[in-house]
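Colleague: based on what follows, work out the 3D shape:
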Amino acid sequence: MSSPLIEFRNVSLGYGRKLILRDLSFAINAGDFFGLVGPNGSGKTTILRAILGTLKSITGEIKFSGSPGANLAFGYVPQRESVDLVLPYTVRELVMMGRFRRIGPFRRAGKVDHAVVDRSLEHAGILDLQNRPFRDMSGGQKQRTLIARALATEPTVLILDEPTNGMDLASRMGTLELVNTLRNENRLTVIMVSHLLDDVANHAQRIALVENRFVVVGTREDILTPERLSSLYGIPIDVVHTDTGTTILPGRTHGHS
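Modeller: The predicted structure follows:
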């Protein structure tokens, strides 16, 4: 049975005196593909910041790997729009940035670091693009570059913030297939934030639905129901299951899943 890798115990989160989420109690297990979904502004990014340690909880406790403060290795894939495109970094240079914490200040990358970068580029399927400028890449290629940079940290947990936002369907499918492959081959725990419900419904095993100040956690079958989604988004939503996957779309009636 999987053991809790990250556990929220009666956690409240916010900024200053502004409370965003309260009384969160849930666990993310080793090997999970865990989806964080909810409307914009609901608090998904706030939970990510708490997991990454850049936001302290107001109340409660967040336990990592069974003991407070345990040093898990996180590979963080930010939204593509947040990456500075002014400097002319090559794909390889950007991926090498994932090694900076291990290399340390004022030291140069060694053979091990270059080997890890090579392996990360290869796993992401972009080894042949390593010398091209990052800013000239397509959306899908940029996402693979950021995933390779996260892999270069040699993570235990891969965290992806809106990884398929703004992509065409082929790029979305390719990115999610890559994440699934990496999870299986590297035994990673994956946490994915997305407002694209179809992506989460077809890939995440367990889901945290982030609502107004609360989080509901369960299997995707339990969480992604027409009734729950219609209530959350304020419009009728249908969940349609077929042999090729699950589709979530606006509908006139509930319960046609």
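Colleague: and the residue lying closest to L121 once chain neighbours are set aside, how far from V112?
Modeller: Excluding the flanking residues, the one nearest L121 by Cβ to Cβ, 6 or more residues apart in numbering is L127, at 4.4 Å. Quick note: C-beta positions are derived from backbone N, CA and C, even for glycine. Using Cβ to Cβ, to the nearest Å, L127 is found at 18 Å from V112.
Colleague: these two: which is more packed in?
Modeller: Each of L127 and V112 has its neighbours counted (other Cβ atoms under 10 Å); L127 has more, 16 against 11.
Colleague: got phi/psi on the residue lying closest to E93 once chain neighbours are set aside?
Modeller: Sequence neighbours aside, F134 is the residue nearest to E93 in space, at 8.0 Å (criterion: Cβ to Cβ, 6+ apart). Main-chain torsions, F134, degrees, to the nearest 10: phi -60, psi -40.
Colleague: moving C-terminal of the strand or helix carrying I207, what's the next helix or strand?
Modeller: If you go by DSSP states H and E, I207 is part of strand 206-210. Using DSSP H and E, the helix or strand that directly follows strand 206-210 along the chain is strand 215-219.
Colleague: which residue is the nearest non-sequential neighbour of P78?
Modeller: In this structure, P78 finds its nearest non-sequential neighbour in D161, 5.5 Å apart by Cβ to Cβ, 6+ apart.
Colleague: sorry, back to before: per-residue confidence for the residue nearest to L121?
Modeller: Per-residue confidence (pLDDT) for L127: 96.
Colleague: what about the residue nearest to E93, distance to L87?
Modeller: 9 Å.
Colleague: measure N131 to R206 for me?
Modeller: Counting by Cβ to Cβ, the gap from N131 to R206 is 39 Å.
Colleague: got the domain boundaries for the protein?
Modeller: 1-72+164-222, 85-155, 225-257 (automatic domain parsing).
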